[in-house]
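K.L.:
no FASTA, just this:
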C-alpha cells in the first residue's frame with residue numbers, strides 16, 4: 001500500500017499503520033519524496049510531435065525519439081560487469097516538470113528548423129491527432 005503524506009495528520013496515520021503491522025512476515029519499506037509522473041496527455045502530445053517531425057524529416061519515429069533523448073536528457077551510467085557503461089537515457093522516469101522541460105527543448109529545436117508542432121489548444125489539433133495516429 002502507498003500513502004502520500006502532505007501534512008502531519010497524514011504522517012501520523014502512516015506511522016500508525018506501520019506501527020500496527022504484524023511482523024510475522026517481511027515487509028518492504030520506502031520513504032521518498034513524491035513526484036508527479038508525466039501525464040498520459042503529455043505522453044500523447046510527445047508522440048504526436050514525434051510523428052510530425054518524423055514525417056517532416058524522413059526519419060523514423062524511433063530515430064527522432066532516440067535523437068531527443070541523446071540531445072535533451074543527461075547521460076546515464078550503470079555499472080555492468082564491474083564496468084561503468086553509458087546507457088541510453090529514458091523518458092519514462094521523468095516527472096511532469098522534467099517532461100515539460102524536455103518537451104520545451106524539443107519544441108524549440110524543431111521550431112527553429114521551421115517545423116511547427118501542434119498544441120492541444122491549436123485550431124485543427126484533433127485533425128492532427130487523426131492524421132498522425134493518436
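P.N.:
On my side now, so go ahead. Given the structure is predicted, the values throughout are model-derived calculations rather than measurements.
K.L.:
hey, let's count contacts and neighbours off CA atoms from now on
P.N.:
Will do.
K.L.:
got a list of what residue 107 touches?
P.N.:
residue 117 (C-alpha atoms under 8 Å, 6 or more residues apart in numbering).
K.L.:
tell me which helix or strand it sits in.
P.N.:
helix 96-111 (DSSP states H and E).
K.L.:
so where do the helices sit in the chain?
P.N.:
Along the chain, the segments classed as helices by DSSP state H run 8-19, 40-57, 61-72, 96-111, 125-131.
K.L.:
nearest to residue 119, out of those helices?
P.N.:
Smallest distance to residue 119 across these (C-alpha to C-alpha): 6.7 Å, for helix 125-131.
K.L.:
run through who's touching that closest one.
P.N.:
By C-alpha under 8 Å, 6+ apart, helix 125-131 touches 48, 118, 119, 120.
K.L.:
and if we set it to 7 Å?
P.N.:
For helix 125-131, the surrounding residues in contact (C-alpha atoms under 7 Å, 6 or more residues apart in numbering) are 48, 118, 119.
K.L.:
re the thing from before, wait, which of the helices of the chain is closest to residue 87?
P.N.:
For those, the distance to residue 87 is smallest for helix 61-72, at 10.2 Å, taking C-alpha to C-alpha.
K.L.:
give me the pLDDT value at residue 134.
P.N.:
With respect to pLDDT, residue 134 scores 56.
K.L.:
okay, buried residues for the helix or strand of the chain with the lowest mean pLDDT please.
P.N.:
Lowest by mean pLDDT, DSSP states H and E among the helices and strands of the chain is helix 125-131, with a mean of 81. Of the residues in helix 125-131, 128, 129 count as buried by neighbour count, 16 or more other C-alpha atoms under 10 Å.
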